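Engineer: Predicted model and sequence follow; I will ask about them next.
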Amino acid sequence: MTSSLPSSPSSTPRAAASTSSALEPLLSVRDLRVVIDGLHILHGVDLDVAPAGVTALLGRNGAGKTTTVKAVMGLVPRTGSVRLAGAELSSLPTHLVVRHGIGYAPEDRGIFAGLTVAENLRLAERGARGGEEGGEPDYALVHELFPELKQRAGQLAGTLSGGQQQMVAIGRTLLNRNRLIIADEPTKGLAPKIVSEVAEVLARAAEAVPVLLVEQNLALVRRLAGTCAVLADGRTAHRGDTAELLADEEAARRLLGVGSRHPLAGGPRPAASPATPVVTTEVKP
Ligand SMILES: Nc1ncnc2c1ncn2[C@@H]1O[C@H](COP(=O)(O)OP(=O)(O)OP(=O)(O)O)[C@@H](O)[C@H]1O
Ligand SMILES: [Mg+2]
C-alpha cells in the first residue's frame, strides 16, 4: 500500500503490478460464513477476484451477494479467510479493512443528497497521515476518469441523475488509491440509458483499479467481467469464465434463473438492458 495509482487509466493497473503473479488473485475468499441473530446467511463462500479488470459476483435475489461483500468489509461478523494481496483481513474491523485498500460502493450508493459533489468527495478522503493507505487523495485520477464530477463540483448530489450519482460513488472509491473496488448492484433501479452510462463508468474505473462487481444485469456482466462467481443459498455454486457460463443456457438457467426465452449466446458487446432481476433480464444477441 505504498505505491501510487497510475495517473492515467491506460497505465498498468496498480494491483496487477503489485501482485507477485498476474495469475494470482488479488482477493481470495475461502469458506466465508456469516451468522446474524442465529440465522446462517452464508454457509461457505469461495471467491477469487482477478488482479485486473472486472470480476462479477452473481446470484438470484437473496443468494447472499450483499452479505458476502459486507463480510469482506467487516460490516457483519464473519469466519473464514479473506486475503487481499496476501494479507489476511478476516479478523480486522472495517476501518482497518478499508486501510488495506478496498473501496466500497454500497447497494444504496451512500450519497449525501444534501451535500455537493465536491463535499461528498471530500468526506470520502482518508487523508495522508502516514497510515497504511498513504498518499494524498487522487483528485487528478477521479477528474480524469469522470470530468463531469469536476464540472458539477458545486451541484447538490441529490439533484444528479442516477448515473452521475454512481460516478460520485465510484469516484469516492478511486480517490483513496485503493487496490480493489467493490460495487454492489450499481445499476439497480436505473433506466436503460443510465445503465449504459454506469457501464462506461465501471469500465473506466476498472482500467485503473480491479473491480468486484455485484450485478444482476447479465448484459452488463457479459460486457465487463472476464470471470465470475455465482452464489446460491449462501454458498458458491459456480466459479469460472463469465462468457462460458452465459453461453451455457442450461447452467445459466440453473444458476441464475434465466429462462429459455432469454437466449444468452450473443455478441461480445450487447446493449445494456435495464437493471431488472436476472429472471427477467433480456440479453440482446
Ligand atoms: N441482517 C440480516 N438479518 C436477517 N437476515 C438477513 C440479514 N441480512 C441478510 N439477510 C438475509 O440473508 C439472505 C441474503 O441476503 P443478501 O442481501 O446478502 O442477498 P443478495 O444476494 O444481496 O440479494 P439481492 O439480489 O436482493 O440484493 C436473504 O435471505 C436476506 O433476507
Ligand atoms: Mg444485494
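Structural biologist: Looks like it arrived, so ask away. Ligands and ions are numbered 1, 2, ... in the order given.

Engineer: can you list the residues of the protein near ligand 2?
Structural biologist: Lys65, Thr66 (CB under 5 Å from the ion). C-beta coordinates here come from the backbone N, C-alpha and C atoms, glycine included.

Engineer: What helices and strands are in contact with the helix ranked longest in the chain?
Structural biologist: In the chain, with assignment by DSSP state H, the single longest helix is helix 192-208. Other helices and strands packing on helix 192-208, by 3 or more CB pairs under 8 Å, 6 or more residues apart in numbering; DSSP states H and E, are strand 54-59, helix 139-145, helix 162-175, strand 180-184, strand 211-214, helix 218-224.

Engineer: what number of residues lie near the residue in the chain positioned nearest to ligand 2?
Structural biologist: Distances between the chain and ligand 2 by CB to the ion are smallest at Thr66, namely 3.1 Å. When neighbours are defined as other CB atoms under 10 Å, Thr66 has 18 of them.

Engineer: Over to Asp31. Which of the three states is it?
Structural biologist: With DSSP: H, G, I helix; E, B strand; the rest coil as the basis, the three-state label of Asp31 is strand.

Engineer: And the pLDDT for the spatially closest residue to it that is not a sequence neighbour?
Structural biologist: Distances taken as CB to CB, 6 or more residues apart in numbering put Gly80 closest to Asp31, at 4.2 Å, once the chain neighbours are dropped. The predicted structure scores Gly80 at 98 on the pLDDT scale.

Engineer: repeat for Leu213
Structural biologist: Looking at Leu213, its pLDDT stands at 98.

Engineer: Contacts only, for it.
Structural biologist: For Leu213, the residues meeting the contact criterion (CB atoms under 8 Å, 6 or more residues apart in numbering) are Val54, Thr55, Ala56, Leu57, Ala183, Pro186, Leu202, Val221, Leu224, Ala225.

Engineer: redo that, cut-off 10 Å
Structural biologist: Residues in contact with Leu213, defined by CB atoms under 10 Å, 6 or more residues apart in numbering, are 49, 54-58, 105, 181-187, 202, 205-206, 220-221, 224-225, 228.

Engineer: what's the angle between the longest helix of the chain and helix 162-175?
Structural biologist: Calculated by axes from the mean of the first three to the mean of the last three CA atoms, to 10 degrees, helix 192-208 forms an angle of 10 degrees with helix 162-175.

Engineer: Which of the helices and strands in the chain ranks last by mean pLDDT?
Structural biologist: Least confident helix or strand, the chain: helix 14-18 with a mean of 41, by mean pLDDT, DSSP states H and E.

Engineer: neighbours around the nearest residue to Ala232 once chain neighbours are set aside, how many?
Structural biologist: Sequence neighbours aside, Ala63 is the residue nearest to Ala232 in space, at 5.6 Å (criterion: CB to CB, 6+ apart). For Ala63, the tally of surrounding residues (other CB under 10 Å) stands at 24.

Engineer: now swap in Lys70 and tell me
Structural biologist: What Lys70 shows, counting by other CB under 10 Å, is a neighbour count of 23.

Engineer: Run through the stretch 51-200 of the chain and note the low-pLDDT ranges.
Structural biologist: Using pLDDT under 70 as the threshold, the predicted model of the stretch 51-200 of the chain has low-confidence ranges 127-134.

Engineer: For it, what lies in contact range of ligand 1?
Structural biologist: For the stretch 51-200 of the chain, the residues in contact with ligand 1 under the definition CB under 6 Å from any ligand atom are Gly59, Asn61, Gly62, Ala63, Gly64, Lys65, Thr66, Thr67.
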